[in-house]
Every structure is written in C-alpha cells, then in structure tokens.
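Any chance you can model this:
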Amino acid sequence: MDLENVENFTLRNLARINVLLGKNGCGKSFLLKKVEQQIKNRPGIGQIRYISPERGGLLTYEPGIDQQIGGDPNWLLNQRRKNQAANFRQQSATLFRRLELLFLRKIEREHILDGYEPQNFDLVIGQLNTLLDRVKLKRHDQKGFEILDRENDNPVDPSEISSGEAELISLGIEFLAFSREITPDSNNILLIDEPDVHLHPDLQDRLTTFIYNVFTDKPVTIIIATHSTALLAGLSEIDGTSVAFMRRGEMEIRFKPVTDVDRAILPIFGAHPLSNVFNQAPILLLEGEDDERIWQQSIRSARGGISIYPCVVGSIDALAEYENEVSNLIQAVYDDAKGFSLRDRDTTPEHINDVGPVIRMRLNCRAAENLMLSDDALNLAETDWPELQRLLQKWILSNATHQYHNEAQAFANEGFKRKDHDLKAIRNILIGLVSNKPWEVLVGQAIARLSMEGGGSDPGSLRDFLGEKVCQTLLKLG
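Now for the predicted structure:
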C-alpha cells in the first residue's frame with residue numbers, strides 16, 4: 001500500500017507492520033501526525049489512531065477525561081497530537097473501560113450463535129499481564145482495574161510502579177482497545193510514536209510479541225516511528241515487517257521488507273543508540289569465519305586496545321549488500337558514527353572507496369591466511385621466514401603422495417610469494433610446521449601485539465601485509 005499527498009510526503013510499499021527508523025528531529029512525529037490528520041477521511045480507510053511519544057500521567061481513572069472523550073469525538077485525537085501528553089495514561093485508563101464495554105458487547109452479540117465458546121474479560125486481563133513481571137492487573141468495579149504485587153497480591157498504587165511498567169500497561173491497553181474498534185473490510189491504521197520510551201531492550205522485545213499477538217489477522221496497517229534498533233530487531237523476527245530509514249528533508253519514504261542481512265546486523269546494533277555503545281565498538285564486516293576468528297582473537301589479546309564488533313557476511317558477494325544496509329542504518333540512527341568493512345585483496349588493488357559512513361578496506365596481501373607468513377606472526381611462533389621455507393622444502397621432499405603436495409610444490413616453484421600466493425589448500429600444513437596454535441589464533445595475537453607495540457611497515461612485516469588503511473583505521477597506528 002502507498003500513501004500519497006500527505007503534506008507533500010509519500011509513503012511507498014507499506015506492509016502490515018512498518019518501522020520508520022530515524023534520528024530525533026528528522027520529522028518522524030510530524031509525518032505520523034500528518035498521516036493521522038489527512039488520511040482519516042479517504043475512501044477505504046477505517047479507524048486511525050496516533051499514539052504520541054511523550055506519554056505522561058498516572059494509570060488512574062478520571063471521570064472528567066471520560067466525559068471529555070464521550071462529549072467530543074475529536075478530543076482524544078487532539079490530545080494525542082501533542083508531543084507531550086501530560087495525562088496520556090489517564091486516557092489509557094479510560095480506554096480500558098471502553099475496551100471492557102466493547103468486549104462485553106461482542107459477547108452479547110455472539111453468545112446466541114451456534115458453537116459459541118464462553119468467554120469473559122479476564123482473557124483480556126491475561127493478555128495485559130503477559131507484559132508484566134513484578135506486578136499484575138485485576139478487574140475492579142469502580143476503577144476498572146487495580147494493580148497488585150505478584151508475590152503477595154497486595155495493591156500497588158499507580159504512582160509506585162516503574163515508568164517501564166506504566167508504559168507497558170498503557171500501551172497494552174491502547175493496542176487492545178484499537179484492535180476492538182477497527183472497522184471490518186477497511187484499512188485501519190495505527191500510528192505509534194516511539195513506543196520504546198522508558199523501556200529496556202528486553203521489554204521492547206516483549207512489546208513486539210504483544211503487538212504481533214494482538215493484531216494477527218486484523219485488517220490493520222501499523223507504522224512505528226522509533227530510533228531504537230532493539231525494537232526493530234524484535235520486530236524483524238515477525239514475517240511481513242518492513243523498514244524505512246528516514247533522513248531529514250526526505251519527502252518520499254520507501255519501505256522495504258526486513259531481510260536476512262538486517263537480521264544478521266541488528267543484534268550488533270541492539271543496544272539503544274543513545275547509550276553510544278555502537279560508537280565505542282563499531283561493526284566490522286568480514287567475508288568469512290576465518291576472518292572472524294582472527295579479529296575476535298585480536299580483540300581478546302589487545303586487552304581493550306582494539307574496539308570493533310566482527311560480523312560475518314558469508315561471502316565476498318554479500319559484502320556490498322551488507323555495507324549498504326549498515327550505511328543506511330547508521331545514517332538513520334547515529335550522529336558521527338562509523339562502520340568498517342574488510343575484504344581480502346585477492347588479485348585486486350588495495351584501495352577501495354568508502355560507502356557513506358562505512359569505511360571499506362582491503363588487505364595488502366591476497367587473503368587472511370597470508371597474514372600468518374608475515375614476520376610478526378612467524379616471530380610469535382619463534383621462527384622466521386627463511387626457516388619456514390627450509391621446513392616446507394623438506395616437507396615437499398618427504399610427502400610426495402600427500403593430497404596437497406602439488407599445491408605446496410607450486411608455492412615453492414613460484415618463488416615462495418608469501419604475500420600473493422593462494423595458500424588456502426596448504427595453510428594448515430604451513431602452520432603445522434612452526435606452531436601448535438591454529439593459524440587464526442597466531443594471526444590474531446600478532447595483530448594485537450602490533451596494535452599495542454606498533455611496528456614498521458618494512459616488506460614482510462605484518463603492517464605491510466595488513467596495509468596502512470587497516471592499521472590506521474582499526475589499530476589506530478599513526
């Protein structure tokens with residue numbers, strides 16, 4: 001579904017659940033409010049509701065708010081358009097009574113039908129309680145509901161529950177009430193502005209499950225504006241979720257389905273972006289698992305000197321897709337953050353252009369396994385390059401029937417080009433001649449030592465094999 005001519009905005013390719021990810025000030029709230037105001041009277045549109053981002057107040061029923069809602073159908077809508085709704089939670093408590101009334105009317109309509117299965121409003125209370133750990137809700141004749149301590153069933157005053165608990169109860173009521181008010185055979189639209197406010201990432205994930213359970217098989221299009229990658233990560237597990245990255249000044253917002261690439265990188269971005277965690281350990285995209293083991297070892301051995309978060313993409317062919325998606329995500333959420341991407345040189349030159357905030361690099365040797373033949377790595381193995389050449393020549397003479405004899409002989413015949421030869425087939429033979437460590441561990445430890453102690457870029461050095469861009473960018477070497 002597309003929404004066009006919304007205050008000069010256009011929203012393309014809307015799915016059932018849509019996440020609009022962007023920084024504060026990029027216009028997410030403005031857009032959602034304009035959708036609510038300008039779409040509601042269009043043909044085919046049923047119910048539409050906007051839930052404002054700053055949701056204040058206490059979860060108590062106030063008759064005055066009930067009277068305002070009953071006397072003016074537009075009162076609630078006008079209140080919700082405010083970025084800071086001071087009595088939002090009182091409004092939610094009033095909606096709870098409306099939710100109860102709608103549920104009971106449904107029972108009244110359906111109880112005479114064949115096959116009707118008895119229901120009561122406790123089923124709805126049970127849904128809300130799936131959001132809560134420390135407290136629970138119970139029906140109350142005068143107040144609609146009361147809040148109880150789960151351990152002892154003692155009443156808890158609404159002012160004493162945490163902001164996260166109040167947020168979950170309020171949002172849960174809002175979603176359940178809207179699900180009961182939707183117009184059949186129409187496109188109903190729920191606009192949720194920053195539901196992650198006051199919610200720990202684990203609670204955000206719980207809320208995504210609740211949203212899915214409430215609106216399954218309902219004719220509802222949901223648009224959620226957020227800058228929380230944790231929320232997007234939770235919603236990405238729901239089939240049919242789409243995402244758009246909004247930047248200030250963009251008038252066409254194009255949604256796309258969440259892909260396996262998104263699911264792979266989102267856990268790395270899972271902490272709330274305002275915590276600045278990502279800025280402290282930026283993502284490093286890598287071709288394969290060998291590369292990942294190298295850099296994980298380097299992080300461990302550098303004792304805090306290397307701050308990156310390795311992410312395997314699976315193949316060189318997938319790197320470009322990952323780089324573009326990481327670039328989109330960074331620009332939509334973070335200020336002045338960067339990501340990194342590292343690939344083998346293979347037979348191509350070392351230089352490669354960056355993609356937005358993603359700094360792209362190539363090794364200055366053919367592949368990661370060539371790094372173990374650098375002087376620094378061999379020094380850690382208590383040997384040197386001339387000695388390894390001597391040992392390999394001896395191995396070639398003694399292992400004529402070995403399945404990789406021809407590959408080892410080709411390496412020797414071509415002049416032992418340790419930076420440029422394809423060593424994949426014989427890498428374990430080479431490391432076995434000089435060390436009991438896996439070659440990835442040896443290389444990772446050598447990289448860590450280089451980052452801590454520095455080193456020259458003479459031919460054969462690890463710095464020479466890695467390349468200056470890698471050393472300056474990832475190892476902070478001047």
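
Distance of residue 424 relative to residue 223?
48 Å (C-beta to C-beta, to the nearest Å). Yep, even glycine has a C-beta here, placed from its N, CA and C like the rest.

between these two, who's got more neighbours?
Neighbour totals were compared for residue 424 and residue 223, and residue 223 leads with 27 against 14 (other C-beta atoms under 10 Å).

what's near enough to touch that one?
Counting by C-beta atoms under 8 Å, 6 or more residues apart in numbering, residue 223 makes contact with 11, 14, 18, 20, 32, 35, 189, 190, 191, 192.

Contacts made by the helix or strand where the first one lies with the rest, please.
Right, residue 11. Using DSSP states H and E, residue 11 sits in strand 9-12. Applying C-beta under 8 Å, 6+ apart, the contact partners of strand 9-12 are 2-4, 31, 34-35, 223, 244, 251-255.

Export it to PDB, keeping only CA atoms.
Only the C-alpha atoms of strand 9-12 are listed here, as PDB (Å, rounded to 0.1, in the frame of the first residue of the first chain):
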ATOM      1  CA  PHE A   9       5.100  13.200   1.800                       C
ATOM      2  CA  THR A  10       4.700   9.900   0.100                       C
ATOM      3  CA  LEU A  11       5.000   6.600   1.800                       C
ATOM      4  CA  ARG A  12       5.700   3.700  -0.500                       C
END
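
And that strand, how far out from the chain middle?
Its chain's average C-alpha position is 23 Å from that of strand 9-12, according to C-alpha atoms, centre = their mean, to the nearest Å.

same deal with stretch 468-478?
On the basis of C-alpha atoms, centre = their mean, stretch 468-478 sits 27 Å off its chain's mean C-alpha point.

Restricting to C-alpha, output it in CSV.
This file holds the C-alpha atoms of stretch 468-478, laid out as CSV (Å, rounded to 0.1, in the frame of the first residue of the first chain):
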residue,chain,number,x,y,z
GLU,A,468,48.1,1.2,6.0
LYS,A,469,44.4,1.9,5.9
VAL,A,470,43.7,-1.2,8.1
CYS,A,471,46.4,-0.3,10.5
GLN,A,472,45.4,3.4,10.8
THR,A,473,41.7,2.7,10.9
LEU,A,474,41.3,-0.5,13.0
LEU,A,475,44.6,-0.5,15.0
LYS,A,476,44.9,3.3,15.5
LEU,A,477,48.5,3.3,14.3
GLY,A,478,49.9,6.6,13.2
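
Flag every buried residue along that stretch.
Neighbour counts over stretch 468-478 (16 or more other C-beta atoms under 10 Å) mark 469, 470, 471, 473, 474, 475, 477 as buried.

residues contacting residue 95?
173, 174, 177.

Mind telling me what element the last one is part of?
Assigning secondary structure by DSSP H and E places residue 177 in helix 163-181.

So which elements touch that helix?
With contacts defined as 3 or more C-beta pairs under 8 Å, 6 or more residues apart in numbering; DSSP states H and E, the packing partners of helix 163-181 are strand 45-51, strand 54-55, helix 88-110, helix 122-129, strand 187-193, helix 201-215.

Buried deepest among the ones you listed, which one?
By mean neighbour count, with neighbours taken as mean count of other C-beta atoms under 10 Å, strand 187-193 ranks first of the helices and strands packed on helix 163-181 at a mean of 24.

Strand partners (parallel or antiparallel) of it?
Applying DSSP bridges, strand 187-193 is found paired with strand 45-51 (parallel), strand 220-226 (parallel).

buried sites along the helix or strand following the last one?
Same thing as strand 220-226. On the C-terminal side of strand 220-226, the nearest following helix or strand under DSSP H and E is helix 229-235. Using 16+ other C-beta under 10 Å as the burial criterion, the residues of helix 229-235 that qualify are 229, 230, 231, 232, 233, 234, 235.

can you tell me which of the contacts of residue 95 lies nearest to residue 451?
residue 174 (50.3 Å; C-beta to C-beta).

right, and the helix or strand after the helix or strand containing residue 442?
Residue 442 is located in helix 439-453, with elements delineated by DSSP H and E. Remark: after helix 439-453, the chain's next helix or strand is helix 462-466, criterion DSSP H and E.

average pLDDT across that following helix?
Averaged over helix 462-466, pLDDT sits at 97.

so what does that helix touch, helix or strand wise?
Using 3+ C-beta pairs under 8 Å, 6+ apart as the contact test, the elements touching helix 462-466 are helix 375-380, helix 439-453.

Make CSV from the ones you listed and add mean pLDDT, mean neighbour count and distance to residue 95 to it.
Formatted as CSV, the helices and strands packed on helix 462-466 follow (pLDDT from 0 to 100; neighbours: other C-beta atoms under 10 Å; distance: least, C-beta to C-beta, whole Å):
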stretch, mean pLDDT, mean neighbour count, distance to residue 95
helix 375-380, 97, 21, 65
helix 439-453, 96, 22, 56
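
For the helix holding residue 177, buried residues please.
164-180.

tilt between that helix and helix 201-215?
Direction vectors for helix 163-181 and helix 201-215, defined by axes from the mean of the first three to the mean of the last three C-alpha atoms, to 10 degrees, enclose an angle of 10 degrees.

re the thing from before, what about the helix holding residue 442, distance to the chain center?
Worked out by C-alpha atoms, centre = their mean, helix 439-453 lies 30 Å from the chain centre.

Write a ChimeraX command that selects only the buried members of the contacts of strand 9-12.
A single ChimeraX command is used to select the members of these judged buried by 16+ other C-beta under 10 Å:
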select :3,31,34,35,223,244,253,255
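
so which of the contacts of strand 9-12 comes closest to residue 326?
Distances from residue 326 to these, taken by C-beta to C-beta, are shortest for residue 244, at 15.9 Å.

Am I right that the closest one is in contact with residue 15?
No - in this structure, residue 244 is not within contact of residue 15 by C-beta atoms under 8 Å, at 10.5 Å.

want to throw the buried residues of helix 229-235 into TSV with distance to residue 44 and pLDDT?
Shown next, in TSV, are the buried residues of helix 229-235 (distance: C-beta to C-beta, whole Å; pLDDT from 0 to 100):
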residue	distance to residue 44	pLDDT
229	33	83
230	34	82
231	29	86
232	28	87
233	32	85
234	30	85
235	25	88
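
about what we covered before: go through the helices and strands packed on helix 462-466 and name the closest to residue 332.
Using C-beta to C-beta, these put helix 439-453 closest to residue 332, at 31.0 Å.

Mind giving me the packing neighbours of that closest one?
helix 289-301, helix 375-380, helix 427-434, helix 462-466.

how about those, which one is nearest residue 337?
The nearest among the helices and strands packed on helix 439-453, by C-beta to C-beta, is helix 289-301 at 18.7 Å.

just the angle between the closest one and helix 439-453, please?
Using the same axes, to 10 degrees, helix 289-301 lies at 40 degrees relative to helix 439-453.

What's the mean pLDDT across helix 289-301?
Here the average pLDDT along helix 289-301 is 94.

Now do that helix and helix 427-434, the angle between them.
40 degrees.

ok, and what's touching helix 289-301?
With C-beta under 8 Å, 6+ apart as the criterion, helix 289-301 contacts 284, 286, 306-308, 310-312, 342, 368-369, 371, 438, 440-441, 443-445, 447-449, 451.
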